[in-house]
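Engineer: How does the following fold in three dimensions:
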Amino acid sequence: MAQSVVEVAAAVIERPDGSFLLAQRPPGRVYEGYWEFPGGKVEPGEPVAHALERELREELGIAVESAYPWITRVYAYPHATVRLHFYRVVRWRGEPHPHEGQALSWQRCDELALAPMLPANAPVLKALSLPTILGITCAWESGVATALLHLRRALERGLRLVQIRESHLDPAARKAFAAQVMREVRAVDGIVVVNSDVQLATMLGAGLHLPSRELLTARSRPKVDWCGASCHDAFELERARELGLDFVLLGPVQATPSHPGVPEMGWNKFEELIRDYPLPVFALGGMRIAYLDQARHRGAHGIAMVRGAWAHDGA
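Structural biologist: I've put the predicted structure just below:
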């Protein structure tokens, strides 16, 4: 007999410095002593957001003021199958205190010092380390020198995730440009993914980004640390999930000069497509920095931009 799925609201409670709160399961509970993200069961008929607020008030004594829906992960434990609806809680009232005998600890992805963690949390921690803004290079349009200048300025402003998409450059120029981008981004501990070119990605030690046509023909996940893909519909999103990719770009949400004439899906369709989706999703198409909050309220992990990433004000 198949197990019923237990719906759970889970909170990534984040400070501005990037640290997040973990709780240790108290004695007497299943997996006692394991660390997890705070939260709890969703009551029948209860909205997940309401359950999140209730659980954090009961467990930690805090009142949620601002939270973004994020990713949804299903995990089959021996005792139960759970569907974890993760929210990123960025503003709250009160100081978290253990109301149920649990230990609490503020941690960072790059300095995680707790063990053991609940098994369901490994992909969540990796997703949490992914920046919320992705810049896509366009040296083919601006010129290599200008593109590198824009990159350095963006890195100074805090950009930490870059996709190299330069199929219009000749191979030698693309290789030299990519190597320089890799040096610049690596110097600030950022992440680089190369669009389509697995040989170049491997040579650089970078991640890989699959255009939708390559996503649909891939038989397995490429062997890189970070792998994303471009998606435009539910079928492609499902394929990215099946391959176990790390993130996807979904769009175009709005009209974009990169793909003139391609119909935009709009925010409502975007939100519908990624509801309860397990991978971080970046909104793509007509994005600007000013849209980041809107995108996250719609369930996006963040936004991906070509020209907007390199403009001084993100416009």
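Engineer: Kindly check the end-to-end length of stretch 149-168 for me.
Structural biologist: 19 Å (Cα to Cα, to the nearest Å).
Engineer: And it, what's buried?
Structural biologist: 150, 151, 154, 155, 159, 160, 161, 162, 163, 164, 165, 166 (16 or more other Cβ atoms under 10 Å). All C-beta spots, glycine's among them, are computed from the backbone N, C-alpha and C.
Engineer: So what's the gap between the host helix or strand of the second one and the chain middle?
Structural biologist: In this assignment (DSSP states H and E), residue 151 forms part of helix 144-156. Here helix 144-156 shows a centroid-to-chain-centroid distance of 24 Å under the convention Cα atoms, centre = their mean, to the nearest Å.
Engineer: Just the buried residues of the helix or strand hosting residue 235, please?
Structural biologist: Assigned by DSSP H and E, residue 235 belongs to helix 234-243. Residues 236, 237, 239, 240, 243 are the ones in helix 234-243 that count as buried (16+ other Cβ under 10 Å).
Engineer: nearest to residue 222, of the residues you listed?
Structural biologist: residue 243 (8.7 Å; Cβ to Cβ).
Engineer: and the residue lying closest to that closest one once chain neighbours are set aside, how many neighbours does it have?
Structural biologist: Nearest residue to residue 243 in three dimensions, chain neighbours excluded: residue 221, at 4.8 Å (Cβ to Cβ, 6 or more residues apart in numbering). By other Cβ atoms under 10 Å, 15 other residues sit near residue 221.
Engineer: coming back round to it: now for the buried residues of stretch 149-168, which pair is the farthest apart?
Structural biologist: Largest separation among the buried residues of stretch 149-168 by Cβ to Cβ: 160 and 166, giving 19.7 Å.
Engineer: that older thread, now the buried residues of helix 234-243 in TSV, with distance to residue 195 and pLDDT?
Structural biologist: Below are these laid out as TSV (distance: Cβ to Cβ, whole Å; pLDDT from 0 to 100):
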residue	distance to residue 195	pLDDT
236	16	98
237	19	98
239	17	98
240	15	98
243	17	98
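Engineer: ok, so of the residues you listed, who is nearest residue 279?
Structural biologist: Closest to residue 279, out of all of those and judged by Cβ to Cβ, is residue 240, at 6.3 Å.
Engineer: Hmm, residue 250 and that closest one touching each other?
Structural biologist: No. Residue 240 is not in contact with residue 250 according to Cβ atoms under 8 Å; the separation is 9.6 Å.
Engineer: what touches both of these two?
Structural biologist: residue 231 (Cβ atoms under 8 Å, 6 or more residues apart in numbering).
Engineer: Do a quick rundown of the strands in the stretch 1-150 of the chain.
Structural biologist: Ranges of strands in the stretch 1-150 of the chain, per DSSP state E, counting those that start in this stretch, are 5-13, 20-24, 35-36, 39-41, 63-76, 81-93, 104-107, 133-136.
Engineer: Does anything pack onto the shortest one? Which helices or strands?
Structural biologist: Read that as strand 35-36. With contacts taken as 3 or more Cβ pairs under 8 Å, 6 or more residues apart in numbering; DSSP states H and E, strand 35-36 sits against strand 20-24.
Engineer: cool, and the second one?
Structural biologist: For strand 20-24, the packing partners by 3+ Cβ pairs under 8 Å, 6+ apart come out as strand 5-13, strand 35-36, strand 104-107.
Engineer: ranking the strands of the stretch 1-150 of the chain by burial, who's on top?
Structural biologist: Of the strands of the stretch 1-150 of the chain, the one with the most neighbours on average (mean count of other Cβ atoms under 10 Å) is strand 133-136, at a mean of 25.
Engineer: So what touches it?
Structural biologist: 151, 154, 158-163, 165, 195, 249, 282, 289, 292, 302-306, 309-310.
Engineer: Take those and keep only those in helices.
Structural biologist: 151, 154, 292 (DSSP state H).
Engineer: quick one: which of those residues is nearest residue 39?
Structural biologist: Nearest member of these to residue 39, counting by Cβ to Cβ, is residue 292, at 24.4 Å.
Engineer: Can you give me the neighbour number for the closest residue to the closest one other than its chain neighbours?
Structural biologist: Sequence neighbours aside, residue 303 is the residue nearest to residue 292 in space, at 5.4 Å (criterion: Cβ to Cβ, 6+ apart). Neighbours of residue 303 under the rule other Cβ under 10 Å: 29.
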